[in-house]
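Chemist: Next comes the sequence, and after it the predicted model I'd like to discuss.
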Amino acid sequence: MRLMSERRLYLDIGFGERRGVVTLDGRPERLLIERDGETLFARAGAHHAARVRKIERASGLAFLDLGEAGDAVLNLGPETHGLSEGAAIEVEVRAEARHGKSAVVRFIGAADGDPRLLEPAAGLEERLKAFAVGVEIQSGNVARSVADGAREEVFGSIYPLPGGGSLSIEPTRALIAVDVDLGDRPGAEAKRAARAANFAALGATARLLRLKGLGGLVVIDLVGRGHDAPALLSAGRAAFAPDNPGVALAAISRFGTLELTVPRRDRPTLEILAGEDGAPTALTLALDLVRSLEREALADPGGRYEAVAAFVVATAAAPALALLVGRVGARVSVRGEDGVAPAATRIGRV
């Protein structure tokens, strides 16, 4: 019986993008991404000078201008008594902005001057180390492989469970719906399998929500009937312990659902990698392309390689490609071509 979980750390440094991965018992648990030339936005842990744009006492909220980093929301409390519209204040970002929602900040004190960044958030490597203190960070080819695997898992929605069954995760505007599916199992075997699947689903859900950078209200539709509520709640608290403070679990309902809230802190990973349609953005595809060219060029030092891609992908790849050319020379290139789908890039030796 496993008494404790093992976390490992990986750092993949690529051209135009750096990716940090935390694995939990060999499966990706977190994917941290930093890209060259990223538009400034409010990162968790950063301190900003902000300007109060509007105060809504009835709802207990203040709406702030962070300057280049966008807007933010501040929950009013005793420490903000006397705060007025137009005031300059210092705040710390507690939850990053996500699609349709502003960043959430914590009040620090008074400030002066225009809205601006005062203290940046921790860098990728520092953030990575915080998830497994004292664990050595691995890099190189193994880190590249682990990061690629984590990226693919982020895009998934249905995941197999250890011992059988599956789990689906579907974010909506209101909540994150998680469905546990057992599959076809008869009689007593189904009862035992349902119990095992529900316990496995709690650990898998916690890991996958961290990997996807998701939080808020989570509703897990457990499989079967007659749940061992005390044992399941205890397992749930253990599975989501790394997300504390702020995790709260409700009693299992008579409909067999477990509801909980998980704090939102980071920007959802899929919002970095994909567009609103859920497909990889041109930049994501471009960085994948440059990594593929790098792999070919390093494996074949005398070879020349050309990629044929959609114009939008070729354009997005240009900055990272220039960095790769600086390392391996002008024996790698990308050519934009009409009629090529964004995800249909071709690489050939020339």
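Modeler: In hand now; what should we look at?

Chemist: Who is Val104 paired with across the strands?
Modeler: Val73, Ala95 (DSSP bridges).

Chemist: so who does the residue nearest to Arg43 when sequence neighbours are not counted touch?
Modeler: Closest residue to Arg43 apart from its sequence neighbours, by Cβ to Cβ, 6 or more residues apart in numbering: Ala121 at 3.7 Å. (Each C-beta comes from the backbone N, C-alpha and C, glycine too.) If you count contacts by Cβ atoms under 8 Å, 6 or more residues apart in numbering, Ala121 has them with Arg43, Ala44, Gly45, Ala46, Val93, Arg127.

Chemist: Out of the residues you listed, name the ones that lie in strands.
Modeler: Of the contacts of Ala121, the ones assigned to strands by DSSP state E are Val93.

Chemist: Taking the contacts of Ala121 together, which two end up most distant?
Modeler: Val93 and Arg127 (13.4 Å; Cβ to Cβ).

Chemist: Neighbour count: those two, which is higher?
Modeler: Val93 (23 against 19; other Cβ atoms under 10 Å).

Chemist: surely that one meets Arg43?
Modeler: Yes - here Val93 reaches Arg43: they are 6.2 Å apart, a contact under Cβ atoms under 8 Å.

Chemist: the strands in the stretch 201-350 of the chain, which residues?
Modeler: For the stretch 201-350 of the chain, the strands defined by DSSP state E, counting those that start in this stretch cover 216-221, 248-249, 257-262, 305-309, 332-336, 346-349.

Chemist: In JSON lines, list those along with mean neighbour count and mean pLDDT.
Modeler: Shown next, in JSON lines, are these (neighbours: other Cβ atoms under 10 Å; pLDDT from 0 to 100):
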{"stretch": "strand 216-221", "mean neighbour count": "19", "mean pLDDT": "97"}
{"stretch": "strand 248-249", "mean neighbour count": "16", "mean pLDDT": "97"}
{"stretch": "strand 257-262", "mean neighbour count": "20", "mean pLDDT": "97"}
{"stretch": "strand 305-309", "mean neighbour count": "20", "mean pLDDT": "97"}
{"stretch": "strand 332-336", "mean neighbour count": "18", "mean pLDDT": "97"}
{"stretch": "strand 346-349", "mean neighbour count": "12", "mean pLDDT": "95"}
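
Chemist: Can you say which of the ones you listed is nearest to Phe63?
Modeler: Among those, the nearest to Phe63 by Cβ to Cβ is strand 216-221 (20.0 Å).

Chemist: tell me what that closest one is packed against?
Modeler: Contacts defined by 3 or more Cβ pairs under 8 Å, 6 or more residues apart in numbering; DSSP states H and E place strand 216-221 against strand 176-181, helix 187-212, strand 257-262.

Chemist: Now do the last one against strand 216-221, angle only.
Modeler: Right, strand 257-262. 160 degrees (axes from the mean of the first three to the mean of the last three Cα atoms, to 10 degrees).

Chemist: partner strands of strand 257-262, parallel or antiparallel?
Modeler: strand 216-221 (antiparallel), strand 248-249 (antiparallel).

Chemist: could the ones you listed go into TSV alongside distance to Glu136?
Modeler: Formatted as TSV, the strands paired with strand 257-262 follow (distance: least, Cβ to Cβ, whole Å):
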stretch	distance to Glu136
strand 216-221	33
strand 248-249	34
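
Chemist: Ok, which of those strands comes nearest Arg207?
Modeler: Between those, strand 216-221 lies closest to Arg207; by Cβ to Cβ that is 13.1 Å.

Chemist: Could you tell me which ranges of the stretch 251-350 of the chain sit under the pLDDT cut-off?
Modeler: Within the stretch 251-350 of the chain, not a single segment meets pLDDT under 70.

Chemist: cutoff 90 now
Modeler: Counting by pLDDT under 90, the stretch 251-350 of the chain shows low-confidence ranges at 266, 276-278.

Chemist: now the helices: where do they sit in it?
Modeler: For the stretch 251-350 of the chain, applying DSSP state H, counting those that start in this stretch gives helices covering 269-273, 282-299, 311-328.

Chemist: Same list, those, but as TSV with distance to Ser139 please.
Modeler: Converted to TSV, the helices of the stretch 251-350 of the chain look like this (distance: least, Cβ to Cβ, whole Å):
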stretch	distance to Ser139
helix 269-273	20
helix 282-299	14
helix 311-328	16
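
Chemist: Same list, those helices, but as CSV with mean neighbour count please.
Modeler: As requested, the helices of the stretch 251-350 of the chain are exported to CSV (neighbours: other Cβ atoms under 10 Å):
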stretch, mean neighbour count
helix 269-273, 19
helix 282-299, 20
helix 311-328, 18
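
Chemist: Compare those helices and give me the one nearest Arg151.
Modeler: Short answer: helix 269-273, nearest of those by Cβ to Cβ, at 6.8 Å.

Chemist: Check which helices and strands the closest one is in contact with.
Modeler: Using 3+ Cβ pairs under 8 Å, 6+ apart, the elements in contact with helix 269-273 are strand 27-35, helix 141-154, helix 187-212.
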